[in-house]
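**Q** Would you be able to build a 3D model of this:
(one chain, ligands or ions: 2)
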Amino acid sequence: MDLFSLKGKVALVTGASYGIGFAIAKALSAAGATIVFNDIKQELVDKGLAAYKEAGIDAHGYVCDVTDEDAVAKLIAAIKKDVGPINILVNNAGIIKRIPMLEMTAAQFRQVIDVDLNAPFIMAKAVIPDMIEMGGGKIINICSMMSELGRETVSAYAAAKGGLKMLTKNIASEYGQYNIQCNGIGPGYIATPQTAPLREPQPDGSKHPFDQFILAKTPANRWGEASDLGGPAVFLASAASDFVNGHILYVDGGILAYIGKQP
Ligand code: NAP
Ligand code: GCO
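**A** Ligands and ions are numbered 1, 2, ... in the order given. So this is what the prediction gives:
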């Protein structure tokens, strides 16, 4: 089981005060990693620190907007000074705007691309030099079903997550020679604040139509929990995946394999 050990490793998980990032950080901590996380607001970082402490994790939290290249450079330098160079980067921070394309402004489109695609580029660029110096490292990009599929109202998000899939493959191609593995995790539909609007019970108490739709599309017949992503993240962060590179590991309960339950 040492193959899955992260003892002595420093892991930075972006946007990890709660949700999927928090769950992934908890799993990496359980495997021995020192956890560092950032969020966009101090109040969120404080909330996250309290949650990690409650989970018995002595995490290091920083305020940083991942789209701000200067702020990211300062973040990485501060982490290196306070904790040590980053061995594992999880690009988790993300936003979604559910707006029909013809109603979406270019500024709204750019904002989603900025957080979900440009920021992982900025973060990876900031950590790779130290990884090269250390003889290797792990980058995990949190992709999506929308790295493979489209649906109404998520044009910007799908474009970003599709791009993130290809950025993942390109980092693997360009830096694999330095023993850096860059892979993606493609979560299915996970019960977090980001998908809460899709699961809102109807006024009559019945399930949201989208909730019913996802259950019919998922062989596991359930929404994923953020904790379902912990094991796959430990695998991709550990020596167990040293010859896995440029791969998107879909953790979706089988959605991508399934035509859907007949109504
Ligand atoms: P979430 O609940 O919305 O959490 C996203 C986190 O990222 C929040 O803490 C958010 O902070 C932070 N963030 C947003 N913009 C940021 C920025 N510019 N700089 C730093 N932090 C920022 O989302 P989630 O459901 O946990 O999803 C996490 C990741 O998984 C995202 O990349 C998402 O696209 C992806 N994903 C989610 C699902 C799902 O079904 N939930 C499925 C597939 C993929 P604020 O609260 O301040 O915005
Ligand atoms: C949506 C959902 C999805 C999930 C996730 C699926 O509106 O369709 O928010 O995009 O967030 O990305 O993998």
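**Q** quick one, what contacts the nearest residue to K9 once chain neighbours are set aside?
**A** Closest residue in space to K9, ignoring its immediate chain neighbours: N87 at 4.2 Å, by C-beta to C-beta, 6 or more residues apart in numbering. Every residue, glycine included, has its C-beta placed from N, CA and C. Going by C-beta atoms under 8 Å, 6 or more residues apart in numbering, N87 touches K9, V10, A11, A33, M131, M134, G137, K138.
**Q** can you list the residues that contact the worst-scoring helix or strand of the chain on mean pLDDT?
**A** Ranked by mean pLDDT, DSSP states H and E, the weakest helix or strand in the chain is helix 196-199, scoring a mean of 94. Here helix 196-199 makes contact (C-beta under 8 Å, 6+ apart) with R98, Y189, A191, H208, F210, D211, I214, W223.
**Q** Convert it to PDB, retaining C-alpha atoms only.
**A** Included here for helix 196-199 are C-alpha records, laid out as PDB according to Å, rounded to 0.1, in the frame of the first residue of the first chain:
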ATOM      1  CA  ALA A 196     -27.800  22.400  -5.700                       C
ATOM      2  CA  PRO A 197     -30.100  24.300  -8.100                       C
ATOM      3  CA  LEU A 198     -30.400  21.100 -10.200                       C
ATOM      4  CA  ARG A 199     -31.600  19.100  -7.200                       C
END
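**Q** after it comes which helix or strand?
**A** As assigned by DSSP states H and E, the chain's next helix or strand after helix 196-199 is helix 209-217.
**Q** now stretch 177-193: how far from the chain's centre is it?
**A** Computed by C-alpha atoms, centre = their mean, to the nearest Å, the chain-centroid distance of stretch 177-193 equals 6 Å.
**Q** buried set for that stretch?
**A** Residues 180-192 are the ones in stretch 177-193 that count as buried (16 or more other C-beta atoms under 10 Å).
**Q** who's in contact with whatever residue of the stretch 51-200 of the chain ends up closest to ligand 1?
**A** Proximity of the stretch 51-200 of the chain to ligand 1 (C-beta to the nearest ligand atom) peaks at G94, 2.4 Å away. Residues counted as contacts of G94 (C-beta under 8 Å, 6+ apart) are G15, V115, D116, I142, Q194.
**Q** can you narrow the residues you listed to ones near ligand 2?
**A** Of the residues in those, proximity to ligand 2 by C-beta under 6 Å from any ligand atom holds for Q194.
**Q** Just the closest of the contacts of G94 to A240, please.
**A** Set against A240, the nearest of the contacts of G94 by C-beta to C-beta is I142 (19.1 Å).
**Q** ok now do the closest one, which residues does it touch?
**A** I20, G21, V90, N91, N92, G94, G184, I185, P187.
**Q** and ligand 2, which of these reach it?
**A** Residues of the contacts of I142 in contact with ligand 2 (C-beta under 6 Å from any ligand atom): P187.
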